[in-house]
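Colleague: Based on what follows, work out the 3D shape:
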Amino acid sequence: MPGKVKCVVCGYPTDEDLVAQCPGCNSYVCDECADLYDGYCQNCFNKAKEEY
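Modeller: Numbers count the residues shown, from 1 in each chain. From the prediction side, this is the model:
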């Protein structure tokens, strides 16, 4: 049975096997937030945006 992890963006508890991991920092991101931030957490998304 999968465990629950909290999304670093919204804090919503999500099943571990249904959550994405941010490629920038390996934090857990729920599907909805991953869609908003192209698979990244909000912090890494904003950092990448600032660099370009």
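Colleague: Show me the shaky parts of this structure.
Modeller: The chain contains residues with pLDDT under 70 at 1-2, 52.
Colleague: let's go with 90 and repeat that
Modeller: 1-3, 17-18, 48-52 (pLDDT under 90).
Colleague: Skip the chain neighbours and tell me the closest residue to Tyr40.
Modeller: Leaving aside its chain neighbours, Tyr40 sits nearest to Cys22 (5.0 Å; criterion: CB to CB, 6 or more residues apart in numbering). Using the backbone N, CA and C atoms, a C-beta is placed for each residue, glycine as well.
Colleague: how deep is that neighbour tucked in, by neighbour count?
Modeller: 21 (other CB atoms under 10 Å).
Colleague: So that it lines up with my notes, have the first residue be 40 from now on.
Modeller: Yes, from this point I'll number from 40; that puts the last item at Cys61.
Colleague: Go through the lengthiest helix in the chain and flag the buried ones.
Modeller: As assigned by DSSP state H, the longest helix anywhere in the chain is helix 81-90. Residues Gln81, Cys83, Phe84 are the ones in helix 81-90 that count as buried (16 or more other CB atoms under 10 Å).
Colleague: now, which of those residues sits nearest Asn65?
Modeller: Cys83 (10.0 Å; CB to CB).
Colleague: Now do the same contact list for the closest one.
Modeller: Taking CB atoms under 8 Å, 6 or more residues apart in numbering, we find Cys83 in contact with Cys61, Pro62, Gly63, Cys64, Tyr76.
Colleague: how about those in a markdown table, adding distance to Val48 and secondary structure?
Modeller: Putting the contacts of Cys83 into a markdown table (distance: CB to CB, whole Å; DSSP: H, G, I helix; E, B strand; the rest coil) gives the following:
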| residue | distance to Val48 | secondary structure |
| --- | --- | --- |
| Cys61 | 9 | coil |
| Pro62 | 14 | coil |
| Gly63 | 13 | coil |
| Cys64 | 12 | coil |
| Tyr76 | 7 | coil |
